[in-house]
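**Student:** sequence isn't available, so here's the structure alone:
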């Protein structure tokens, strides 16, 4: 023990006492690439023991609608970050090809698809809410949406619920 | 690399207190680490999680994430939150004598 020093035992601070922190995400997009940011950040927040809420609204309803949640797409149209010539992006089959490539990349990283991810979050204690106005607008019933959903909220109830939360709009 | 004395043994740890030497861990140590973070008794269910973590780390060289423990290790996520409350991913890594998981999901 010449080159090392013996320190008193250090116990990691898991911050269990800090229960005041809250995080909320508003998911307003229905594309495959825009579904993941909230899911991944919510998972990180829940692993930190933080109370986490996700509010699905407008096109984000596609993430929790049983008819569409398995079939979200990614399109290169108008997305310069794909670094493709923009004139080629609307060609037939491009969206299908880009979607299948993105799904494969996600799979290789062992990232679950959107429905499985939402179930995982719900198991971690995440609260999932559907926007009342979007439910009415798209003419949805409770049974049209995933079983893990906590409920349907109007925006006023949601704003009340997330008092004090760090909120991200996606 | 600092060491700390746990149960009369010199143990290598990082600045936060996570063990850094895989082979220095044993079951008695795990019981002490668990009690450090308020888990007073390691049940059969705890051991099966810890054994999966240790075996998976030995095989892949990285601490499995929560998702991996549930999807591959077969322990439901909800149960992990009961066994290692609030922050299961880090707490189970700590008790298993492994570094914090680096994966995001």
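**Tutor:** Alright, I've got the coordinates. Just so we're clear, the structure is a prediction, and the values are computed from it rather than from any experiment.
**Student:** and the helices in chain B?
**Tutor:** Using DSSP state H, the helices found in chain B span residues B:27-36, B:44-60, B:66-71, B:77-83, B:88-95.
**Student:** among these, which is nearest residue A:113?
**Tutor:** Proximity to residue A:113 (CB to CB) singles out helix B:66-71 among those, at 12.2 Å. (Each C-beta comes from the backbone N, C-alpha and C, glycine too.)
**Student:** and residue 36, how many neighbours?
**Tutor:** Picked chain A for this. When neighbours are counted by other CB atoms under 10 Å in any protein chain shown, residue A:36 registers 19.
**Student:** hm, I was asking about chain B
**Tutor:** Other residues near residue B:36 come to 16 when the count uses other CB under 10 Å.
**Student:** can you list the helices of chain B in JSON lines and add distance to chain A?
**Tutor:** Supplementary listing: these in JSON lines, determined by distance: least, CB to the nearest CB, whole Å:
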{"stretch": "helix B:27-36", "distance to chain A": "5"}
{"stretch": "helix B:44-60", "distance to chain A": "11"}
{"stretch": "helix B:66-71", "distance to chain A": "6"}
{"stretch": "helix B:77-83", "distance to chain A": "4"}
{"stretch": "helix B:88-95", "distance to chain A": "5"}
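**Student:** tell me the most buried of those?
**Tutor:** Mean neighbour count, computed with mean count of other CB atoms under 10 Å in any protein chain shown, is highest for helix B:88-95 among the helices of chain B, reaching a mean of 25.
**Student:** so how far is chain B from residue A:164?
**Tutor:** Relative to chain B, residue A:164 is positioned 19 Å away (CB to the nearest CB, to the nearest Å).
**Student:** residue A:30 too?
**Tutor:** Taking CB to the nearest CB as the criterion, residue A:30 is separated from chain B by 21 Å.
**Student:** cool, and residue A:122?
**Tutor:** 9 Å.
**Student:** could you report the pLDDT at residue A:3?
**Tutor:** The model reports residue A:3 with a pLDDT of 49.
**Student:** Throw the helices of chain B into JSON lines and include mean pLDDT and distance to residue A:161, thanks.
**Tutor:** Supplementary listing: the helices of chain B in JSON lines, determined by pLDDT from 0 to 100; distance: least, CB to CB, whole Å:
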{"stretch": "helix B:27-36", "mean pLDDT": "93", "distance to residue A:161": "35"}
{"stretch": "helix B:44-60", "mean pLDDT": "96", "distance to residue A:161": "33"}
{"stretch": "helix B:66-71", "mean pLDDT": "92", "distance to residue A:161": "25"}
{"stretch": "helix B:77-83", "mean pLDDT": "94", "distance to residue A:161": "21"}
{"stretch": "helix B:88-95", "mean pLDDT": "95", "distance to residue A:161": "25"}
